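Need a 3D model of the following:
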Amino acid sequence: MIIELHPRFKKHYKKRIAHNIKLIKQTRERITLFKNNPHYPLLKNHSLLGKRTHLRAFSITGDIRTVYFPISKNRVLFLDIGTHNQVY
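Numbering: from 1, shown residues only. The predicted structure is shown next:
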């Protein structure tokens, strides 16, 4: 799986995640799970609704989500990361 990072994702990662060692570790673990199996049950991978039906998201923690765009079967673009309220 090839993961590309949108500039917004990088910015929000630095602002919302990079200051917390536990979140950094958990984010890395979940991204590794995502690379190996995007539909692993722990990730709660789901498509979005409304104007964002072309996007998907998965859980990092109970409230932290990563929103992404599936470019192809083996390539995705991470668009945003943050709490449920921040990314939706």
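
Checking my notes, Lys14 in a strand, right?
No - secondary structure assignment (DSSP: H, G, I helix; E, B strand; the rest coil) places Lys14 in helix, not in a strand.

Name the residues of the worst-scoring helix or strand of the chain on mean pLDDT that are buried.
Using mean pLDDT, DSSP states H and E, the weakest-scoring helix or strand in the chain turns out to be helix 84-87, at a mean of 94. Within helix 84-87, the residues scored as buried using 16 or more other C-beta atoms under 10 Å are Val87. Where you see a C-beta, it was placed from the backbone N, CA and C, and this is true even at glycine.

what sits up against that helix?
Residues outside helix 84-87 that contact it (C-beta atoms under 8 Å, 6 or more residues apart in numbering): 12, 16, 57, 63, 65-67, 80-81.

ok, so of these, who is nearest Leu5?
Proximity of the contacts of helix 84-87 to Leu5 was ranked by C-beta to C-beta; the top entry is Ile81 with 9.7 Å.

count of neighbours near the closest one?
Ile81 has 26 neighbours, counted by other C-beta atoms under 10 Å.

Over to Tyr13?
There are 19 residues near Tyr13, going by other C-beta under 10 Å.

Pull up the distance across stretch 2-21, start to finish.
Start to finish, the residues bounding stretch 2-21 are 25 Å apart (C-alpha to C-alpha, to the nearest Å).

in it, what's buried?
Neighbour-count burial for stretch 2-21 [16+ other C-beta under 10 Å]: 9, 12-13, 16-17.

quick one: average confidence on it?
On average, the pLDDT along stretch 2-21 is 97.

Likewise for stretch 37-47?
Per-residue scores along stretch 37-47 average to 96.

Now render the contacts of helix 84-87 as a markdown table, adding secondary structure and distance to Leu48.
Formatted as a markdown table, the contacts of helix 84-87 follow (DSSP: H, G, I helix; E, B strand; the rest coil; distance: C-beta to C-beta, whole Å):
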| residue | secondary structure | distance to Leu48 |
| --- | --- | --- |
| His12 | helix | 17 |
| Arg16 | helix | 19 |
| Ala57 | strand | 6 |
| Asp63 | coil | 16 |
| Arg65 | strand | 10 |
| Thr66 | strand | 12 |
| Val67 | strand | 7 |
| Asp80 | strand | 11 |
| Ile81 | strand | 15 |
